[in-house]
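> The following block contains a protein sequence and its predicted model.
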Amino acid sequence: MSESSDVPEISSLRELTSVQWKTGTAAVLGWLFDGLDMHLYTLVAIPFVAELLGVGRNDVSVGRYGSIIQASFLVGWALGGAFFGVIADRIGRSRALVLTILTYACFTGLSYFAQTWWHLLIFRFLAALGIGGEWAVGASLLSETWPRSWRPWLAAVLQSGVNVGVILACVAAYLLAEHTHRTVFLVGILPAFLVLWIRKAVPEPEEWHQAQSHSEIRSTGIGALFHPGVRRTTLLTTTVCALGLTGHWAIMFWFIAHLRSLPEYADWTDAQRSTLASQALLLMMCTSIIGNFLSAIIARGIGYRLAIVLIFLAYFATCSCAYGWQRAGDDLWYWIIPIGICQGVFALFTMYLPPLFPTLIRSTGAGFCYNIGRLAAAVGTVFFGLVSKVGDYRYALFYAGFLFLPAAAVACFLDEPPDELAPIAPVE
């Protein structure tokens, strides 16, 4: 069970301290660059992998190796979330945040130098270690320094930071469309400059310092997540995240490939198709931002658990309608909007998960439960790619949406964070 936070409740931005502004800025920027670095690959995956393999874009090997590379990224994300979560619980949130950002910035930039598909696989795997770690560390940093009444809005802002990062990736891909596909990875080096400010300006949370000397939780690391009193929370949240993220990432990866493969775009140039992919992802990210804040409103009204259940059900219904029939590209553009809005459900996990766990295993718990689900997502991305017909990924998208049904079912058994049960002042 989570300890109660000592952060005083406040009702307006004017009452925020300088430390809260600094931790909030560091976390949002870290997540923004997360979004930038994670989606540079999805925008150029098909043509770049085809280039590395020396085959045409419609060759069966492109989808196979492209999905394997994406799977390695998701595996790295999962392992990084667990690994850096443990590191953050031991050395502090701010220090660990610096390490995670340096990791994903450096290895995203090194992807530019890939000469074979397995070079790219290694670089994406190593970059993902940092991206997965940054999620857990940033979420714990804010949960320990900001009032609990602000959590739904913080979740929306953080997830929107990721969406803005993805939008920047789209802009980068658009501006660099006439250059070689590998050039976009050089943009991923930019986050490295953020660590200089974080290391100087962002202190460790007082709650973490106090827990180091006063907490009764002496067992740390992943093993502590399966002790009595914590085990049920770990198993339930991991299952929900695994099911939801598998469906979500299969959709995020294959919906662009599906658009690229539609017959009406067959005569387009490679640069035109890259622009199309950037525009589609841009639309999805803009609507996802709306979904983040809509999810926050719903969670404030009915609680995290019921909000997660309802939005997962909406995600399933939307994907079924979008990909249950063969649709032209112009028609699919309209369905990107509700799909993007439903993705706001993942914003809720940002502030929902950390308070479920004691302070000294908070980053470990959030990182493990959320990011270990990406191991299942990695397998799912490859699986749905293998069962799809070459050049037609609609069935992968359609069947992936069914995973939101069991995710919603298991979410019915989730708990609300213990400190959420007390009355709180409204946020102005």
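Nice, thanks for sending it over.
> Was I right to think L142 contacts L154?
Yes. Counting by CB atoms under 8 Å, L142 touches L154, with 5.5 Å between them. In short, each C-beta sits where N, CA and C put it, glycine included.
> Overlap of the contact sets of these two?
Listed contacts common to L142 and L154 are G24, M351; contacts here mean CB atoms under 8 Å, 6 or more residues apart in numbering.
> neighbour count winner among the two?
Taking neighbours as other CB atoms under 10 Å, L142 and L154 compare with L142 leading, 25 against 22.
> got the contact list for that one?
T23, G24, A27, L154, L158, M351.
> Among those residues, which ones are in strands?
Residues of the contacts of L142 located in strands (DSSP state E): none.
> from these, which is closest to F398?
L158 (30.3 Å; CB to CB).
> element containing L74, please.
helix 60-91 (DSSP states H and E).
> where does this protein dip in pLDDT?
Applying pLDDT under 70 to the chain flags residues 1-11, 211-220, 373-374, 377-378, 380-392, 419-428.
> if I look at the residue sitting furthest away from the middle of it, how far off is Y393?
Centroid-distance maximum for the chain: D267 at 33.8 Å, with CA atoms, centre = their mean. To Y393, D267 is 20 Å away according to CB to CB, to the nearest Å.
> cool, and G132?
The gap separating G132 from Y393 is 25 Å, by CB to CB.
> same deal with F185?
24 Å.
> List the residues that contact L225.
Applying CB under 8 Å, 6+ apart, the residues contacting L225 are R231, T234, F357, I361, T364, G365, F368, C369.
> Nearest to S261 among those residues?
C369 (34.9 Å).
> In space, what's closest to the closest one - neighbours in sequence excluded?
Nearest non-adjacent residue to C369, counting by CB to CB, 6 or more residues apart in numbering: T237, 4.1 Å away.
> Run through the residues that contact the one you found.
Each residue near T237 by CB under 8 Å, 6+ apart is listed here: L353, L356, C369, Y370, L414.
> which secondary structure element contains it?
If you go by DSSP H and E, T237 is part of helix 231-261.
> what's the distance between that helix and the middle of its chain?
Relative to its parent chain, helix 231-261 has a centroid offset of 10 Å by CA atoms, centre = their mean, to the nearest Å.
> Stretch 48-57 now?
That offset, for stretch 48-57, works out to 27 Å (CA atoms, centre = their mean).
> Touching it from outside, list them.
Residues contacting stretch 48-57 (CB under 8 Å, 6+ apart): 41, 46-47, 59, 61-62, 65-66, 69, 114-117, 119-120, 181-182, 260, 270.
> for stretch 121-132, same thing?
34, 37-38, 41, 68-70, 72-84, 99-108, 110-111, 114, 188, 367, 371, 374.
> in stretch 164-181, what's buried?
164-170, 172-174, 176-177, 181 (16 or more other CB atoms under 10 Å).
> go on, stretch 227-238?
Neighbour counts over stretch 227-238 (16+ other CB under 10 Å) mark V230, T233, T234, L236, T237, T238 as buried.
> Just give me how far it sits from the chain centre.
The chain centre lies 22 Å from the centre of stretch 227-238; the measure is CA atoms, centre = their mean.
> what do you get for stretch 183-200?
Centroid separation between stretch 183-200 and its chain, computed with CA atoms, centre = their mean, is 18 Å.
> Report the angle between the next helix-or-strand element following the helix holding L74 and helix 60-91.
Under the assignment DSSP H and E, the closest C-terminal helix or strand after helix 60-91 is helix 93-110. Angle of helix 93-110 versus helix 60-91, following axes from the mean of the first three to the mean of the last three CA atoms, to 10 degrees, is 160 degrees.
> so after helix 93-110, what's the next helix or strand?
Going down the chain from helix 93-110, the next helix or strand is helix 117-145, by DSSP H and E.
> Would you mark the buried spots in that following helix?
Buried-residue list, helix 117-145, by 16+ other CB under 10 Å: 117, 120-145.
> returning to that earlier point: how far off helix 117-145 does the helix holding L74 point, in degrees?
On the basis of the same axes, to 10 degrees, helix 60-91 is oriented at 40 degrees to helix 117-145.
> I'd like to check the angle between helix 60-91 and helix 231-261, please.
In terms of direction (the same axes, to 10 degrees), helix 60-91 departs from helix 231-261 by 150 degrees.
> Done for today, thanks.
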